[in-house]
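Asks: sequence plus the predicted model coming up.
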Amino acid sequence: MSLHLYDTWTRSVREFTSLKPNEVGLYTCGPTVYDYQHIGNYRTFLFEDGLKRVLKLNGYRVNHVMNITDVGHLVSDADEGEDKMEKGSRRTGKTAWDIAALYTESFVADLKSLGIEFPTTLCKATDNIPEQIAFVQEIEKKGYTYRTSDGIYFDTAKQPTYGYLGRLDIAGLQAGARVDLGEKKNATDYALWKFSKPEDQRQMEWDSPWGRGFPGWHIECSAMAHKYLGAYFDIHCGGEDHITVHHPNEISQTEAAYGTRLANFWMHGYFILLNSAKMSKSSGEFLRVQLLLDKGYDPIAYRYLCLTAHYRSQLTFSWDALDAAQTALERLRHSAHSLGAPGVADQGFVARWMEKLNDDLNFPQALALTYELLKSELAADVKKATLLKFDEAFGLGLANWVPKVEDVPATVRSVADARWAARNNKDWAEADRLRGELTALGWAMKDGKDGYTLTKA
RNA sequence: GGCGGGUUAGCAAAUCGGUUAUGCAGCGGAUUGCAAAUCCGUUUAGAGCGGUUCGACUCCGCUACCCGCCUCCA
């Protein structure tokens, strides 16, 4: 089967063909760097990484663009409230620019530890302010904007197709609007450019044809996607929450300025749930990659956990589930290692694996196939080669994994040697006593045929 | 209130109108001086009520419960 992907635009799985031969333009909404990313954010980035790997396995070159949202935006779309960067600045005593740099650095480190491939282009909103201004001018030229006392707004009523991606019930939204419209004409209208308030000293602001201020949240993605990928490209991704607001707005901007719906495919990753609720930055506690490390987990175990669920269904996170993933990953690594050098991959298994991946990225089934492979009667070198092929999609780093060699202190080593000797003399009482001593020192001794191994308890 | 999704065994989570998902845990066995690790085998499913069908976890309807979006948000 050729590659088929679910497209939120059509709400169906359809065949993927690239607009340009052998090349895919991919834009993925990146992080807002006013705080750390949490593992829920990374579930989406992991989904996108899986997508990218599958595209490559289908022979495409992937031109991947991701934005870094480092411009402060408002806490609420009612266009009131505090700016997140400025708020973070006050919280930490650092400048808005330092904060953006700090959290961007942390983000990049997390990508690395999760085995996520770096985008072709990682672009900051603040590095592309002129492009955003030009984009707004283009929209203005086409007659879709209006001015209020606090900014330039997009008039969604002028666009009959507005909100199609989210299948928005505009009338219902208008009637049931939960926030005060202010000077906005329609509930769905949104800011393209915001004016700095004269009384507030902002750390991040720029001059524009409309006055000093800063860009609206949605414009950066449209502007940078347009700059790096053109007005119409292959795939645009983000989290499920973007289906109803952010992405329809990106589309409306591009539609107004250039007459396209920006991307051919719109794909969305679903949330990870914590205690049966969505994990969010604004509601206090959230789990970071660093917390996983602090608790002794390998971040790749989280990647494994994400592979066990389909990207279009919500995944319930628990430490038990992560434990299960870590154990499974460890066993998989040891199996892979013990298979020795790779030979030639089994084409039957590889074909079945590709079928699963091409069927809208069915990683859970592709992963299940891994266990069928390991239990099969194939020769070790064939299994190994097939497994390494599979891992090109999974990204678990099986090719380079080697068992950790423990650095055993001399004192521990001597006790272990003594026990080995006692055991060989069939002095079980002494052997057990010495093992007790090792346990007290925090080491576990495993007897092998030709020797023992020590592991830290 | 509007829109959308879900409810699978102890946990997490897939597929499929009739054939073992898978992983983790549990249980039994092999192995081991005893262990550990490993290997083999294996018990627990499909929210409730109806309908369609020769046959439904799988399709349809209703009910209950849960979740997401509608507000910054992966």
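Replies: Cool, the structure landed.
Asks: what sits against A:Ser149?
Replies: When the contact criterion is Cβ atoms under 8 Å, 6 or more residues apart in numbering, the partners of A:Ser149 are A:Glu183, A:Phe195. In short, each C-beta sits where N, CA and C put it, glycine included.
Asks: please report how far it lies from RNA strand B.
Replies: With distances taken as Cβ to the nearest atom of the strand, to the nearest Å, A:Ser149 is found 18 Å from RNA strand B.
Asks: what is the three-state secondary structure of the closest residue to A:Leu305 other than its chain neighbours?
Replies: On the basis of Cβ to Cβ, 6 or more residues apart in numbering, the spatially nearest residue to A:Leu305 that is not a chain neighbour turns out to be A:Ala325, at 3.8 Å. When the structure is split into helix, strand and coil by DSSP: H, G, I helix; E, B strand; the rest coil, A:Ala325 lands in helix.
Asks: again with the one 4 residues further on
Replies: Per three-state DSSP, the secondary structure class of A:Leu329 is helix.
Asks: any stretches of the stretch 101-250 of chain A with poor pLDDT?
Replies: Across the stretch 101-250 of chain A, the stretches falling below the confidence threshold (pLDDT under 70) are A:174-180, A:200-201.
Asks: tell me the domain ranges of chain A?
Replies: With domains defined by automatic domain parsing, chain A comprises A:4-269, A:274-400, A:410-456.
Asks: just these: most buried one?
Replies: Across these, averaging neighbours per residue (mean count of other Cβ atoms under 10 Å) puts domain A:4-269 on top, at a mean of 19.
Asks: ends of that domain, how far apart?
Replies: Domain A:4-269 has an end-to-end distance of 16 Å (Cα to Cα, to the nearest Å).
Asks: ok and the residue in the stretch 251-400 of chain A nearest RNA strand B?
Replies: Across the stretch 251-400 of chain A, the shortest distance to RNA strand B (Cβ to the nearest atom of the strand) belongs to A:Ala328, at 2.9 Å.
Asks: show me what contacts the closest residue to that residue other than its chain neighbours?
Replies: With Cβ to Cβ, 6+ apart as the measure, A:Tyr304 is the residue that lies nearest to A:Ala328, at 6.4 Å, once sequence neighbours are left out. The neighbours of A:Tyr304, taking Cβ under 8 Å, 6+ apart as the test, are A:Ala325, A:Gln326, A:Ala328, A:Leu329, A:Leu332, A:Phe394, A:Leu396.
Asks: do the same with A:Leu387
Replies: With the criterion set at Cβ under 8 Å, 6+ apart, A:Leu387 makes contact with A:Ala336, A:Leu339, A:Thr370, A:Leu373, A:Leu374, A:Leu398.
Asks: which of those lies closest to A:Thr92?
Replies: Distance from A:Thr92 was checked for each of the contacts of A:Leu387 by Cβ to Cβ. The minimum falls on A:Leu398, at 39.2 Å.
Asks: ok, now which ones touch that closest one?
Replies: Each residue near A:Leu398 by Cβ under 8 Å, 6+ apart is listed here: A:Leu332, A:Arg333, A:Ala336, A:Leu387, A:Leu388, A:Asp391.
Asks: what values do phi and psi take at it?
Replies: Torsion angles at A:Leu398 (phi, psi; degrees, to the nearest 10) stand at phi -70, psi -30.
Asks: how much space between it and A:Leu293?
Replies: Separation of A:Leu398 from A:Leu293 (Cβ to Cβ, to the nearest Å): 20 Å.
Asks: cool, A:Pro198 as well?
Replies: Relative to A:Leu293, A:Pro198 is positioned 46 Å away (Cβ to Cβ).
Asks: swap in A:Ser313?
Replies: With distances defined as Cβ to Cβ, the gap from A:Ser313 to A:Leu293 amounts to 27 Å.
Asks: just want the residue of the stretch 151-300 of chain A that's nearest RNA strand B.
Replies: Ranking the residues of the stretch 151-300 of chain A by distance to RNA strand B (Cβ to the nearest atom of the strand) places A:Gly239 first, at 1.3 Å.
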